[in-house]
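Peer 1: Structure here, sequence nowhere to be found:
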Ligand SMILES: [Ca+2]
Ligand SMILES: [Ca+2]
């Protein structure tokens with residue numbers, strides 16, 4: 001879905017804007033970064049644990065995007081623990 005957005009920005013002819021947007025997108029795509037602050041830490045773990053057992057497909061703690069929050073999501077978060085943190 002991001003490709004559609006980048007195409008729209010490219011149509012403006014402002015390549016710098018597109019590059020900035022792509023950088024933000026990449027930072028937000030860190031597996032386990034549930035609150036989107038670019039860092040995988042205890043705040044994200046709290047979100048995952050609060051959401052533990054969710055199966056309705058709209059789960060804030062769903063790291064692997066399979067529609068639930070379970071041990072596979074916890075494993076992904078712990079694998080990326082501390083990633084990109086200051
Ligand atoms: Ca985070
Ligand atoms: Ca999941």
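Peer 2: Great, that's in hand. Quick caveat, the model's predicted, so the values are computed rather than measured. Ligands and ions are numbered 1, 2, ... in the order given.
Peer 1: do stretch 43-50 and ligand 1 meet?
Peer 2: Yes: applying C-beta under 5 Å from the ion, one finds that stretch 43-50 is in contact with ligand 1 at residue 44. Every residue, glycine included, has its C-beta placed from N, CA and C.
Peer 1: Tell me if that stretch is near ligand 2.
Peer 2: No: residues of stretch 43-50 are not located near ligand 2 by C-beta under 5 Å from the ion, the shortest gap being 9.5 Å.
Peer 1: Can you point out the buried residues in that stretch?
Peer 2: Judged by neighbour count (16 or more other C-beta atoms under 10 Å), stretch 43-50 contains these buried residues: 44, 45, 47, 48.
Peer 1: same deal with stretch 68-85?
Peer 2: So stretch 68-85, judged by 16+ other C-beta under 10 Å, has buried residues 68, 69, 70, 73, 74, 76, 77, 80.
Peer 1: cool, and stretch 49-66?
Peer 2: Neighbour counts using 16+ other C-beta under 10 Å place 51, 54, 59, 61, 62, 63 of stretch 49-66 among the buried residues.
Peer 1: Adding distance to residue 30, pLDDT and secondary structure, write the buried residues of stretch 68-85 out as a markdown table.
Peer 2: Output for the buried residues of stretch 68-85, formatted as a markdown table (distance: C-beta to C-beta, whole Å; pLDDT from 0 to 100; DSSP: H, G, I helix; E, B strand; the rest coil):
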| residue | distance to residue 30 | pLDDT | secondary structure |
| --- | --- | --- | --- |
| 68 | 20 | 97 | coil |
| 69 | 17 | 98 | coil |
| 70 | 20 | 98 | coil |
| 73 | 14 | 97 | helix |
| 74 | 16 | 98 | helix |
| 76 | 10 | 97 | helix |
| 77 | 10 | 97 | helix |
| 80 | 6 | 96 | coil |
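Peer 1: Looking at the buried residues of stretch 49-66, spot the one nearest residue 84.
Peer 2: If you rank the buried residues of stretch 49-66 by distance to residue 84 using C-beta to C-beta, residue 63 comes first, at 15.1 Å.
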